[in-house]
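Novice: Quick check, what structure comes out for this input:
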Amino acid sequence: MPTPSTYQSAGMKVYDGLSPGVDGNGFIADIAYKVKVVAKTAAYTVSINDSGTYFTTRGATAAVTFTLPSAATGAGCIFWFFSAVDFAMTVAGSTGELITKNDAAANSVAFSTASEIIGGAVKVVGDGTSWLVFPESEELVTITVAT
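Specialist: Predicted coordinates for the structure are as follows:
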């Protein structure tokens, strides 16, 4: 028969009313799946060590540009970018390294069309040669591609 949770932690040290490794929702924090979400309010150069990160522009008071690392070093890396404020968001690579909507040699993609910025999102995956750009926003949001 299962033991009530109050008895399971008997004899264990308790911090802020919680047993070690268990958060307020009852999850074991070390094994719960969580993604890294990072808000950037100014230009940021993305590192391959940021792979797996969801970047947002929450809190920005001006346009934000994310600059990707070299595609040659980014094989297998994945990043997400989400525009959370009404200021332009640009994801830029080295010259001709982005493959996106009807352009196999783009330099950047941007959400900059007035009233079509908030909710703009892309996923970027490195294949070792290029950055593959996957639009992840509603079709009503305009993505501006620069070559």
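Novice: How is the protein partitioned into domains?
Specialist: The chain breaks down by automatic domain parsing into domains covering 1-32, 35-146.
Novice: Where among these is average confidence lowest?
Specialist: When those are compared by mean pLDDT, domain 1-32 comes last with a mean of 59.
Novice: Residue nearest the middle of this structure, spatially speaking?
Specialist: Central residue of the chain (CA atoms, centre = their mean): residue 54, 1.4 Å from the mean position.
Novice: Please look at that residue and residue 36 and confirm they touch.
Specialist: Yes. Checked against CB atoms under 8 Å, the pair residue 54 and residue 36 is within contact range at 6.8 Å. Any C-beta I mention is one placed from the backbone N, CA and C, and that applies to glycine too.
Novice: in stretch 80-91, what counts as buried?
Specialist: 80, 81, 82, 83, 84, 85, 87, 88, 89, 90, 91 (16 or more other CB atoms under 10 Å).
Novice: Stretch 37-44 too?
Specialist: Buried residues in stretch 37-44, counted by 16+ other CB under 10 Å: residue 40.
Novice: what does it contact?
Specialist: 50, 53-62, 64-67, 84 (CB atoms under 8 Å, 6 or more residues apart in numbering).
Novice: follow-up on the earlier one: the residue nearest to the centre of the chain pairs with what?
Specialist: Assessed by DSSP bridges, residue 54 has beta-bridge partners residue 37, residue 80.
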